[in-house]
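Colleague: Sequence and predicted structure are below.
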Amino acid sequence: MSIAHFVASGMGGLRTGGDLVARMQFTKNMKVGKAKDYVAKKLGVTAFDLSDEYILRELREDVGIGVLTGVPGTPKGIAAKMNIEDLLGIKINSCEKFRKYHAKR
Amino acid sequence: MAKYCTRMGDGSTVYMTKEEIKQDVLDGTADAADMGGIKDLTADEIEHLIEIICDTNRIVGVARGEEVVLSYDVGQLDMTGDNGNSGGGVPASRLNGALVHERTLCADTFELAHSDYSIKPVKPVIANEMNDMEVIQNNIIIPYFYGAMPNMGLYYSPDGPYGNPADLMRQFKIDEAQEQAEAAAKHLARDILYVATKIDDAGSDGFNFDTTASAGDADFVGTLTGVEQLRKERPDMSIMLGMAGENVMGIHGEIEYDGKVVAGLFPHQQVALAEKAGANVFGPVSNTNTGKSLAWNLSRAVTFVKSCTDVSSLPVHVNMGMGVGGIPMSETPPLDAVTRCSKAMVEIAKVDGV
């Protein structure tokens, strides 16, 4: 079912910029067009480019927001999400918790 | 006359002429318009829908650049669960399930789910859920929510502490049935606040209330009240509220939210209350009739969902699993049917996500 919807109409998550557009929908109530425009502007690409694996694969690695494949030395998990916070100008709950626990050491 | 290979609502193959498909599309949109008091699809939309259904390719899709966000229900259970969730029955950890969806199944968001996927059974194991949420949040990058159904039926006898309205009504104890439903709704709202704040404390990206109002109008009121309290308690939490059906069943019949009787509400009316309560994203539903064709079901579903996107200021993620959103009611919905429904919802109903 996941693959069928992705093939027909999905952005593709980490393959592209789908996770970033989703974050703007869920944190700022943005409809899909507005969310794409917002993310595209932050990444310096067009909204059309956001679903292009060829463009986003390299760009995601360049800005350190996580890539689909297992690349040693690239930010993963919380580290990638902290870079997403900076890129999109939002706070991510798990990053806030991480900073809170990190401060206790 | 040429016949097109299409599907019935149970997923079986059926051959229909273009005229037969067109008639079912017209009947489907008319049924939704009549039930919901909403507009039929326009002539252009009907022609577009017929074109999608009659496409002879096995897979269809939206134009490049028109892709939308995919969100999920049942979390990792679609991989690890039994066939009750159309699960694959693959024993794997919840972390494995989450990362497989992120890295190989192209998910834009994902969620953690209890095997009973309901608010009530999560309460006694909340610490376990919080711990798993914390562990997975350290590893996952895409937005990762917690998902559960309000499922207020679990609060009624014999599973819960309240009298069962269905039994009470059979005994003509109407007032008592309504009182029990109202008490259960208050209990559900308390449990929603408890479970969701704990999950938020564990770093979740938000909460997905799935299959809302499955136990009828009091279930809807209990969920809306819980969401409203949660929004007050956690102003920054992301909340998705998805429905169980196109119409809220009036089991109580008179229960209200925000001064409005909720029994009988359709998607374009449900979304207003979801927004009022504090949801960020709304998930409308149209249930599939297995005795009708894909053309009838999809036309009806697109009509309901379009009426919702037309008025909603929230992003709309239409429910498109087995037996909803025009998709055949089958454990393994056919690929050709799913891709046609997905394309039609994006291009005609203008959804923000699936």
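Modeller: Cool, got the structure.

Colleague: count of neighbours near residue A:101?
Modeller: Residue A:101 is flanked by 11 other residues according to other CB atoms under 10 Å in any protein chain shown. (C-beta placed from N, C-alpha, C; glycine too.)

Colleague: The stretch 101-250 of chain B against chain A: which residues are in contact?
Modeller: Applying CB under 8 Å from any CB of the partner chain, one finds that the stretch 101-250 of chain B approaches chain A through B:101-103, B:105-109, B:134, B:137-144, B:200, B:202-206, B:236-238, B:240.

Colleague: Pull out the buried members of those residues.
Modeller: Among those, those scoring as buried are B:101-103, B:105-109, B:134, B:137-138, B:140-144, B:200, B:202-206, B:237-238, B:240 (criterion: 16 or more other CB atoms under 10 Å in any protein chain shown).

Colleague: Can you list which of the residues you listed are found in helices?
Modeller: Assignment to helices by DSSP state H places the following of these there: B:101, B:102, B:103, B:134, B:137, B:200.

Colleague: quick one: the residue minimising distance to the centre of chain A from residue B:333, how far?
Modeller: For chain A, residue A:20 is the residue whose C-alpha lies nearest the centre (CA atoms, centre = their mean; 3.3 Å). Remark: distance between residue A:20 and residue B:333 (CB to CB, to the nearest Å) = 29 Å.

Colleague: and what of residue B:110?
Modeller: 20 Å.

Colleague: List the buried residues of stretch A:48-62.
Modeller: Buried, per 16+ other CB under 10 Å, within stretch A:48-62: A:49, A:50, A:51, A:52, A:55, A:56, A:57, A:59, A:60, A:61.

Colleague: which residues in the stretch 51-200 of chain B form helices?
Modeller: For the stretch 51-200 of chain B, the helices defined by DSSP state H, counting those that start in this stretch occupy B:77-80, B:94-103, B:119-122, B:126-137, B:165-170, B:174-201.

Colleague: For those helices, could you give me a markdown table that also reports mean pLDDT?
Modeller: Output for the helices of the stretch 51-200 of chain B, formatted as a markdown table (pLDDT from 0 to 100):
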| stretch | mean pLDDT |
| --- | --- |
| helix B:77-80 | 92 |
| helix B:94-103 | 96 |
| helix B:119-122 | 98 |
| helix B:126-137 | 98 |
| helix B:165-170 | 96 |
| helix B:174-201 | 98 |
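
Colleague: who are the neighbours in contact with residue B:288?
Modeller: B:9, B:297, B:301, B:323, B:324, B:326, B:327, B:328, B:329 (CB atoms under 8 Å, 6 or more residues apart in numbering or on different chains).

Colleague: For the helix or strand where residue B:273 lies, the averaged confidence score.
Modeller: In the assignment (DSSP states H and E), residue B:273 maps to helix B:267-277. Averaged across helix B:267-277, pLDDT comes to 98.

Colleague: any bit of that helix sitting next to chain A?
Modeller: No: contact of helix B:267-277 with chain A (CB under 8 Å from any CB) is absent, the minimum separation being 8.8 Å.

Colleague: For that helix, give me every contacting residue.
Modeller: Looking at helix B:267-277 with CB under 8 Å, 6+ apart, the contacting residues turn out to be B:36, B:38, B:220, B:224-225, B:227-228, B:231, B:241, B:243, B:246, B:248, B:257-258, B:260, B:262, B:265, B:282, B:284-286, B:304-305, B:307-308, B:310-314, B:316.

Colleague: can you do 6 Å?
Modeller: Here helix B:267-277 makes contact (CB atoms under 6 Å, 6 or more residues apart in numbering or on different chains) with B:224, B:227-228, B:241, B:257-258, B:282, B:284, B:304, B:307-308, B:311-312, B:314.

Colleague: Emit the ChimeraX select command for whichever of the residues you listed are buried.
Modeller: Here is the ChimeraX command that selects only those of the contacts of helix B:267-277 that count as buried (16+ other CB under 10 Å):
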select /B:224,227,228,241,257,282,284,304,307,308,312,314
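
Colleague: Show only the entries of the contacts of helix B:267-277 found in strands.
Modeller: Among the contacts of helix B:267-277, DSSP state E puts B:241, B:257, B:282 in strands.

Colleague: from these, which is closest to chain A?
Modeller: Of all these, chain A sits closest to residue B:282, with 10.2 Å by CB to the nearest CB.

Colleague: Might you report the residue contacts of that closest one?
Modeller: Here residue B:282 is in contact with B:241, B:271, B:274, B:314, B:316 (CB under 6 Å, 6+ apart).

Colleague: which other helices and strands contact the helix or strand residue B:47 falls within?
Modeller: Per DSSP H and E, residue B:47 falls inside helix B:43-54. The elements that helix B:43-54 packs onto, with contact taken as 3 or more CB pairs under 6 Å, 6 or more residues apart in numbering or on different chains; DSSP states H and E, are helix B:18-36, helix B:335-347.

Colleague: Can you tell me which of these is packed in deepest?
Modeller: helix B:335-347 (a mean of 25; mean count of other CB atoms under 10 Å in any protein chain shown).

Colleague: Among the contacts of residue B:282, which one lies nearest to chain A?
Modeller: residue B:314 (5.7 Å).

Colleague: Report the spatially nearest residue to the closest one, omitting neighbours in sequence.
Modeller: Of all residues not flanking residue B:314 in the chain, residue B:282 sits nearest, at 5.0 Å (CB to CB, 6 or more residues apart in numbering or on different chains).

Colleague: and that neighbour, what are its bridge partners?
Modeller: Residue B:282 forms beta bridges with residue B:241, residue B:316, as assigned by DSSP bridges.

Colleague: re the thing from before, of all the ones in helices among the buried ones among the residues of the stretch 101-250 of chain B next to chain A, which comes closest to chain A?
Modeller: Nearest to chain A among these, with distances taken as CB to the nearest CB, is residue B:137, at 3.8 Å.

Colleague: Can you report how many residues lie near the closest residue in space to the closest one that isn't next to it in sequence?
Modeller: Closest residue in space to residue B:137, ignoring its immediate chain neighbours: residue A:94 at 3.8 Å, by CB to CB, 6+ apart. By other CB under 10 Å, 23 other residues sit near residue A:94.
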